[in-house]
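Engineer: structure for the following, please:
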Amino acid sequence: MRTLLYKYKSLSNLSLIILLLVIFNLLSSNFFFRIDLSSDQIHSLSPHTKSLLLNLDEIISADVYLEGDFPAEIEKLKKALSEKLDEFKAYGGENFKFNFINLDEDSKLSKEFKNQVYKDGLDYSDVLISRDSKQEVVRIWPGILLRMGDAAAIPIQLLQKGKFPISQMIINQFNDQLEYNIIMGINKLLNPETKRIKFLRGHGELDNADAWIIRDQLIKYYDVDTIRIKQLKSKYYNESIDVSNYKYDSLINNKVDSINISKRIIPIFDEKGNPNKNAKRFITRSFQNKEISNSMKNPLKISEDLDVLKETDLLIIAKPRFSFSEKELFIIDQYIMKGGKIIWLVDMLDVQELDLIDTNITYANPIKHELQQFLFKYGARFNVNMVNDARCSPVMREDGLGRIPNWYFYPLLHLDQPSKFLNNVGPIKTRYVCSVDTVGENNLKKTPLLNTSSEFKVLRQTSVNYQNLFNYNPRNFDIDPQSPIPVCGWLFEGVFKSNYENRSVSKDFNKFISNPLVKFKTKSKPTKMVFIGDGDIIRNDFIKTNNQIKPVLLSFESADYGTENFFPRYGNGTFFQNIVDELLDKGELIPLRSKMNMPRLLTKESFNQRSFWQIINIALPLLLIIIFGLVNQYLRRKKYE
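Structural biologist: Residues are numbered from 1 along each chain as shown. So this is what the prediction gives:
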C-alpha cells in the first residue's frame, strides 16, 4: 500500500511538472522576454530600437542572404543573426518580416541572383577557415536588403568585403554590430534624406588621404564631400584636372617607378608592373591640389560666395595651417549665426617629425592660421602649448631606428567623468595636442569631452628629439596637485554671438557688412560646436604591404604593424562618429554604437586576484557536486529508515 501510494504521488508530481512546462511554453510563445544579466544591458535592444519597431506604420521586409550549409564558425554568425532578427520581429510584429534566402539553392539561376544582389549594393566575403593545417575558402553573402513599399532597397553589409581569416574577434564584432547596422538601415529606409557633411579645404587642412578612414566610416550614413569657401572659378578648376591627368600619364609613359609626395614614397606600379590603381587617385589629387594652390594666388581666378555653406549641415575644419581671409571668416561666422554646426580640430604648434630623418632635433613652432582670437569670441581659448602625458602611445622613429614604446607627445585622452561619447570606447590617441580653456559668458552649455591623465606636463615652444625622453616624461617632475587637469576637447551648445558684432574692421569691410543684401546677423540660432586641440585625431597612418600603400584603421597602432600587438586599441573613430551624430541630432545612435566597441578589460585590482578566481572556478563546482552527493545520500537513507 505504501509503495502504491508512493508511485501515485510520483506520477502526480510528474504530471504537474509536465503541465507547468506546457503552460510555460504556451505563454512564452505568445509573450517575448529575455533576461540580460550584463551591467549595461549590451545584449538587449535599446529603448530607441524597441520604440522604433513598436511604432512602425508600414511593413519592412528583410531579405537575408547568409544562408546555406556552412562550417561551424560561419554557423555562429548565422545563428546570431537569426536570433537578433527574431528579437526585432518580437517588437515589430507584423510590420517586420524577414526571410533567409540561399543564393546557391538553384544552380541554374544562382549567378543571375548574385549579380542582382551585387547591383543592389551587397558584396560577398571569402572567409578563410583553417582545418588540419589546410585552409578552406568559403564564399558567403553576409548582408541584408531592407525593403518597404516602392522605396529602393537599402543594403546592409554585415561583414567586410574581400578575403580574410575568421576569428573569434570577428565573430564578436559581427554580433555586437548587428543591432546598430540594422537600425541604421531602417533609419535610411524611413528617412531617405541624408545629412550633408563638408570637410573644409584651402588652408592646408587634412586631405582626403589623411582622413581616408573616417570619411569611409561617415560616408556609409551621410553625404560627405569637401568644400572651399574661396573657390576656383570653374574654368580654372577644370584646367587643374586636365593638368593633373596629363602629369600622371607622363609618369606612366616614362615608366617612373615611384614619386615622393609629402616626403612619402608612393609606388606608381604594382608588383606585376601594372599601374597602381590605389595610388592613381592619390597622385592625381596631389597634382591637382598643387595646381589649385597656384591658381588661388591669383585674385582674378577665385570667387567667395556668401551662400557657399548653405547646403552644409556640418562643417569639419581639421588641422588648418594657413590663415583665412577676412571674408572667409565672415562667411563661417554667418554660417554659425544661421544655425550651422562646426567641429574645430585645431593644432597650435607644428612639429615636423620628418625633419628627424636627417637631424637629431626639430622644434615646435606656432602655426599661423590666426584662429585663436576668432575662436576666443565663441568662448574657446586654444592655448599655444603641447601637453605631454605619461599615459601615451608609441611611435615609429622616422630615422628608421625602431620603435619608441612611450612617446609622451602622443597622449591617450579620456574623461574623468561618465560620458555617453566615451562609453565602452577605447582611449583617444592624440599627437602634439594643446589644452583648450573656456572663456566668456556662461549662457552656453559647455561639456568637457577629453582630458589628460593626472600625470601630465605642459610644454610651450620646445625642441623635440628621440634621445631626450627623460625631460619629456611627466613622472620625472613634481606635479602641483592643485593644478587642474588639462581639458583638450569641449562641446558648446546654445546661442552664439557674432564675431563681427562691434568689431573693428576696415572701412571697406564695414561697408560690405552694412550692405542690406548681406543680411548680417549678430546672434545665432540655437546650435552646437565642438572644439578639440588636435588636428590629427582623425588622421590615419599609412603602411606599405605587398608593395601597396594602405591606410591604417584609426583603432590600430601603425607602430605595432607586423607584431602580435597589432589589434584594435584606440577609440578615435567611434568617438568622432559619436560627436558627429550628436551634432546632427542623431544622438539616439550613440548608445547603440557603445555596445560594439572595445573588449572589456580587467581592472588592475581584479587582475591581481586572478589566482583566487581561478581556484574558485575549479574548486567551487567540485565542492557543490560533493555537497549535493552527500545531501542526496543522507536523504535517501533517511527516507528508507
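Engineer: could you use CA atoms for every contact and neighbour count after this?
Structural biologist: OK.
Engineer: low-confidence ranges in the stretch 251-400 of the chain?
Structural biologist: Within the stretch 251-400 of the chain, the ranges that satisfy pLDDT under 70 run 263.
Engineer: next secondary structure after the worst-scoring helix or strand of the chain on mean pLDDT?
Structural biologist: When the helices and strands of the chain are compared on mean pLDDT, DSSP states H and E, helix 604-608 comes out lowest with a mean of 53. On the C-terminal side of helix 604-608, the nearest following helix or strand under DSSP states H and E is helix 610-640.
Engineer: next one: that following helix to chain centre, how far?
Structural biologist: Here helix 610-640 shows a centroid-to-chain-centroid distance of 48 Å under the convention Cα atoms, centre = their mean, to the nearest Å.
Engineer: which strands or helices does it pack on?
Structural biologist: The contact analysis (3 or more Cα pairs under 8 Å, 6 or more residues apart in numbering; DSSP states H and E) places helix 610-640 against no helix or strand.
Engineer: excluding its backbone neighbours, what's nearest the residue most central in space within the chain?
Structural biologist: What sits nearest the mean C-alpha location of the chain, by Cα atoms, centre = their mean, is residue 573, with 2.6 Å. Once flanking residues are discounted, residue 573 sits nearest to residue 554: 5.9 Å by Cα to Cα, 6 or more residues apart in numbering.
Engineer: where does the one you found land in three-state SS?
Structural biologist: Here residue 554 is coil, with the state taken from DSSP: H, G, I helix; E, B strand; the rest coil.
Engineer: now it, what are its backbone angles?
Structural biologist: Per-residue torsions, residue 554: phi -60, psi -20 (degrees, to the nearest 10).
Engineer: that one contacts residue 570, doesn't it?
Structural biologist: Yes - the pair formed by residue 554 and residue 570 meets the contact definition of Cα atoms under 8 Å, at 6.9 Å.
Engineer: out of these two, which sits in the more crowded spot?
Structural biologist: When neighbours are counted by other Cα atoms under 10 Å, residue 554 and residue 570 differ, and residue 554 comes out ahead with 25 against 22.
Engineer: what's near enough to touch that one?
Structural biologist: Residue 554 makes contacts with 213-214, 538-540, 570-573, as judged by Cα atoms under 8 Å, 6 or more residues apart in numbering.
Engineer: on the three-state scheme, residue 457 is what?
Structural biologist: On the three-state scheme (three-state DSSP), residue 457 is labelled strand.
Engineer: return the distance of it relative to residue 489.
Structural biologist: For residue 457, the distance to residue 489 (Cα to Cα, to the nearest Å) stands at 17 Å.
Engineer: residue 142 too?
Structural biologist: Applying Cα to Cα, the value for residue 142 to residue 489 is 38 Å.
Engineer: what pLDDT is listed against residue 108?
Structural biologist: Per-residue confidence for residue 108 comes out at a pLDDT of 87.
Engineer: now residue 13
Structural biologist: The predicted local confidence for residue 13 is 66.
Engineer: can you list contacts of stretch 521-532?
Structural biologist: 334, 336-346, 380, 436, 488-498, 500-501, 583.
Engineer: do me a favour and get the end-to-end distance for that stretch?
Structural biologist: 26 Å.
Engineer: same check on stretch 186-203?
Structural biologist: For stretch 186-203, the first and last residues are 38 Å from each other (Cα to Cα).
Engineer: pull the distance from it to the chain's centre.
Structural biologist: On the basis of Cα atoms, centre = their mean, the separation between the geometric centre of stretch 186-203 and that of its chain is 15 Å.
Engineer: repeat for stretch 413-429
Structural biologist: Per Cα atoms, centre = their mean, the displacement of stretch 413-429 from the mean C-alpha position of its chain is 13 Å.
Engineer: heads up, I number from 695, so please use that
Structural biologist: Done: numbering now begins at 695, and the last item shifts to stretch 1107-1123.
Engineer: tell me which residues of that stretch are tucked away?
Structural biologist: Along stretch 1107-1123, these residues count as buried under the neighbour rule (16 or more other Cα atoms under 10 Å): 1107-1109, 1115-1123.
Engineer: drop anything exposed from the contacts of stretch 1215-1226.
Structural biologist: Buried among the contacts of stretch 1215-1226 (16+ other Cα under 10 Å): 1028, 1030-1031, 1033-1040, 1074, 1130, 1182-1192, 1194, 1277.
Engineer: narrow those to those in helices?
Structural biologist: Secondary structure of these is defined by DSSP state H; positions in helices are 1028, 1030-1031, 1277.
Engineer: and the pLDDT for the residue nearest to residue 1267?
Structural biologist: We have a pLDDT of 90 for residue 1248.
Engineer: show me where the stretch 895-1044 of the chain has strands.
Structural biologist: With strands called from DSSP state E, counting those that start in this stretch, the stretch 895-1044 of the chain shows them at 917-922, 924-926, 952-955, 958-961, 996-998, 1008-1012, 1035-1039, 1043-1044.
Engineer: in TSV: those, plus distance to residue 1141.
Structural biologist: Compiled in TSV, the strands of the stretch 895-1044 of the chain are given as follows (distance: least, Cα to Cα, whole Å):
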stretch	distance to residue 1141
strand 917-922	26
strand 924-926	32
strand 952-955	39
strand 958-961	39
strand 996-998	34
strand 1008-1012	19
strand 1035-1039	14
strand 1043-1044	24
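Engineer: closest to residue 1137 out of the ones you listed?
Structural biologist: strand 1035-1039 (17.6 Å; Cα to Cα).
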